[in-house]
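> predicted structure and sequence below. I'll ask about it afterward.
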Amino acid sequence: MATKSTLTEIRKNVEFLVGEKVRLKANKGRKKVSVKEGIIEKTYPSIFVVCIDGGFDTVRRVSYSYSDILTETVEIIKCNQENNIQVS
């Protein structure tokens with residue numbers, strides 16, 4: 001069972017990545033997985049916001065909750081120039 005301290009640890013890990021480029025793998029259900037790259041823009045007590053370049057000079061902001069990471073609906077992978085480092 002998840003505890004409040006688990007969500008607090010996830011939140012601290014995400015706060016550490018603010019301003020970093022990350023790859024998001026989001027499970028959309030029925031075997032659909034969305035993979036996008038963006039920058040974690042801001043964290044709030046219950047959610048965090050990721051800024052995604054939508055192409056054609058558009059910027060899209062997507063928000064996820066920390067419980068999405070806990071339930072493995074969303075996976076955050078820090079983009080590094082040489083290799084990818086998974087953060088959870």
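On my side now, so go ahead. Residues are numbered from 1 along each chain as shown.
> who touches the residue in the chain sticking out farthest from the centre in this structure?
Largest separation from the mean C-alpha position in the chain: F56, at 23.0 Å (CA atoms, centre = their mean). Listed by CB atoms under 8 Å, 6 or more residues apart in numbering, the contact set of F56 is empty. In short, each C-beta sits where N, CA and C put it, glycine included.
> got phi/psi on it?
The phi and psi values for F56, taken as degrees, to the nearest 10, are phi 50, psi 40.
> repeat for S46
Note on S46: its backbone torsions stand at phi -120, psi -20 [degrees, to the nearest 10].
> sec struct for the spatially most central residue of the chain, please.
Geometric centre of the chain, nearest residue: I76, 4.6 Å, by CA atoms, centre = their mean. Under DSSP: H, G, I helix; E, B strand; the rest coil, I76 falls in the strand class.
> summarise which helices and strands whichever helix or strand I10 is part of is packed against.
Assessed by DSSP states H and E, I10 sits inside helix 4-16. Counting contacts by 3 or more CB pairs under 8 Å, 6 or more residues apart in numbering; DSSP states H and E, helix 4-16 packs against strand 32-43, helix 66-70.
> which of those sits most buried?
Highest mean neighbour count among those (mean count of other CB atoms under 10 Å): helix 66-70, with a mean of 19.
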